[in-house]
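# one predicted model, sequence on top.
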Amino acid sequence: MSLQAPQMVMVPSYNPQYVVQPGPTQAMTTYPLVGGNLNSFNKPISYNGQREWSHGGCSCLSAPGTCLCACCFSCCSYAKTQSRFNHLAHQGTPHPSHGDSCTGDCCTYAILLFLGCPCFLSMGGRKNIRVRYHIDGGCCSDFFCTWCCIPCSLTQESREVSLEEHSFRR
């Protein structure tokens, strides 16, 4: 006497379902962890959704401490601003220690400064800040700003990031 497993017979069934997909709609714009106020001074926004920098490129002397640091220790100033910016962009909150100045960014900037071309690294950081804050400009303006006066450019970038950080404290 042998035991056999019961056999199952598969009966194909045909049950067509028709699914109607919705029509096209306007694309939704999403922003990653926005954080604080990206336009603290409420600068007017132009027709293309861009605005000007909150502080002018030559107004670096109105922030003497930041300007002095950018003049004497530009690699540390660049690294600290990038650290603060990255923390805001990825965490959505200000950096708890107000930025790290001794990082790989600092070493890379110092090497490029020694070679006489730090503007190539600095213009990339400047572009990231422009994109996040919807600031008008392009790679040519970034290059010329960083090439003509690195301390002014670094101060302007630092002050733009500071405005968003200060918006959390209000």
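Ah, there it is. This structure is a prediction, so every number in the text was calculated from the model and none was measured.

# residue 156 against residue 58, yeah?
No. Residue 156 lies out of contact with residue 58 (C-beta atoms under 8 Å); the separation is 9.0 Å. Where you see a C-beta, it was placed from the backbone N, CA and C, and this is true even at glycine.

# neighbour count winner among the two?
Of the pair residue 156 and residue 58, residue 156 is the one with more neighbours under other C-beta atoms under 10 Å, namely 26 against 12.

# list the contacts of the more buried one.
53, 55, 56, 57, 59, 60, 145 (C-beta atoms under 8 Å, 6 or more residues apart in numbering).

# want to throw those residues into TSV with pLDDT?
What follows is these, written out as TSV (pLDDT from 0 to 100):
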residue	pLDDT
53	93
55	92
56	89
57	86
59	85
60	81
145	92
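
# quick one: which of these has the most company?
That'd be residue 60 among those, by other C-beta under 10 Å, with 23 neighbours.

# shouldn't that residue be in contact with residue 66?
Yes. Counting by C-beta under 8 Å, residue 60 does reach residue 66; the two are 7.4 Å apart.

# give me the common contacts of those two.
By C-beta under 8 Å, 6+ apart, the residues touching both residue 60 and residue 66 are residue 155.

# list the contacts for residue 100?
Counting by C-beta under 8 Å, 6+ apart, residue 100 has contacts 79, 80, 83.

# distance of the second one relative to residue 41?
By that I understand residue 80. From residue 80 over to residue 41 the distance is 22 Å, taken as C-beta to C-beta, to the nearest Å.

# go on, the first one?
Note on residue 79: its distance to residue 41, by C-beta to C-beta, is 26 Å.

# of those two, who's got more company?
residue 79 (24 against 11).

# what are the ranges of the helices in the protein?
Using DSSP state H, the helices of the chain run over 64-72, 74-91, 104-115, 119-132, 139-148, 150-167.

# phi and psi next, for the closest residue in space to residue 130 that isn't next to it in sequence.
Excluding its sequence neighbours, the residue lying closest to residue 130 (C-beta to C-beta, 6 or more residues apart in numbering) is residue 137, at 5.3 Å. Backbone torsions of residue 137, given as degrees, to the nearest 10, read phi 150, psi -170.

# any idea of the pLDDT on residue 99?
pLDDT, residue 99: 89.
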